[in-house]
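Enquirer: Let's see this in three dimensions:
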Amino acid sequence: MKRLMTLAAIAALVGALTSASAQEGTFLNNRVMVDGLYKRNIGNFSSVWSGAVGGYVGYGIAFPEHNLLVMRSGVIKNMLRDGVPYDGATSTVVPVHIGGRYYFTDATLMPFVSFMNGLNVVFENTNLEGDQKSRTLVKYAWEVGVGLTVNLGEVVALDARANYQSHFYQTDAMMTGFEYTLGLAWNLPR
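Expert: A predicted model of the protein is given here:
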């Protein structure tokens, strides 16, 4: 949580420094986004699954006053913790999320805060207790985070985010963690 607060403070500082040179309405357009991610699981869920890797593909719709509505989906594969004796265990998540971003500026450097929520479809063949049974679960998920978009020109942008994410796997083991993403965005013409 300390890291999240530090990143939020840095994003606000960068926003304040770049707002003086911002040209309103020049970079925030509808956009297509592709992100790679790493997630560090925490809590009881992390006793079996140490982390996750994957990616998102998303579409953002720009609104006035620095807002972006984001819809995304992807694939996330959980990684079995070393030493866990669950041979052949797999856990794959397909997220279907909608949310938004608030950009502090519309300039070359665009710090933002974000919120996403939606459903995670979980495909697993082993549960946390080691019972081998293929299951498909549909669970509510949400995340909050901070990020920075760096516009490399009028068309291409680089996105980096840090998020706290939680999803209701089971009552005694939430699928919770810190997610770090890096990706590209393509601004669409107005």
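Enquirer: buried stuff in stretch 57-76?
Expert: Neighbour counts using 16 or more other Cβ atoms under 10 Å place 58, 60, 62, 66, 68, 70-72, 74, 76 of stretch 57-76 among the buried residues. C-beta coordinates here come from the backbone N, C-alpha and C atoms, glycine included.
Enquirer: Name the SS class of F45, please.
Expert: helix (DSSP: H, G, I helix; E, B strand; the rest coil).
Enquirer: how far away is it from E154?
Expert: 42 Å (Cβ to Cβ, to the nearest Å).
Enquirer: Pick out whichever of the two has more residues nearby.
Expert: Using other Cβ atoms under 10 Å, the more surrounded residue of F45 and E154 is F45, with 21 against 11.
Enquirer: what sits against that one?
Expert: 128, 169, 173-177 (Cβ atoms under 8 Å, 6 or more residues apart in numbering).
Enquirer: Looking at the residues you listed, which are in strands?
Expert: 169, 173-177 (DSSP state E).
Enquirer: JSON lines please, covering these and showing pLDDT.
Expert: Listed next are the ones in strands among the contacts of F45 as JSON lines, based on pLDDT from 0 to 100:
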{"residue": "Y169", "pLDDT": "77"}
{"residue": "A173", "pLDDT": "72"}
{"residue": "M174", "pLDDT": "82"}
{"residue": "M175", "pLDDT": "84"}
{"residue": "T176", "pLDDT": "89"}
{"residue": "G177", "pLDDT": "92"}
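Enquirer: among those residues, who's most crowded?
Expert: That'd be M175 among these, by other Cβ under 10 Å, with 27 neighbours.
Enquirer: Quick one: residues contacting the nearest residue to it once chain neighbours are set aside.
Expert: With Cβ to Cβ, 6 or more residues apart in numbering as the criterion, M175 has its nearest non-adjacent residue at 4.0 Å, and that residue is Y169. Y169 is in contact with 45, 122, 137, 139, 175, counting by Cβ under 8 Å, 6+ apart.
Enquirer: what mean pLDDT does stretch 142-157 have?
Expert: Stretch 142-157 shows an average pLDDT of 94 in the prediction.
Enquirer: can you give me how far it is from the chain middle?
Expert: Centroid separation for stretch 142-157 versus its chain: 12 Å, with Cα atoms, centre = their mean, to the nearest Å.
Enquirer: Now do the buried residues in that stretch.
Expert: 142-149, 151, 157.
Enquirer: Identify the residues contacting that stretch?
Expert: Residues contacting stretch 142-157 (Cβ under 8 Å, 6+ apart): 4, 7-8, 11, 14, 26-27, 31, 99, 101, 103, 107-117, 158-167, 179, 181, 184-187.
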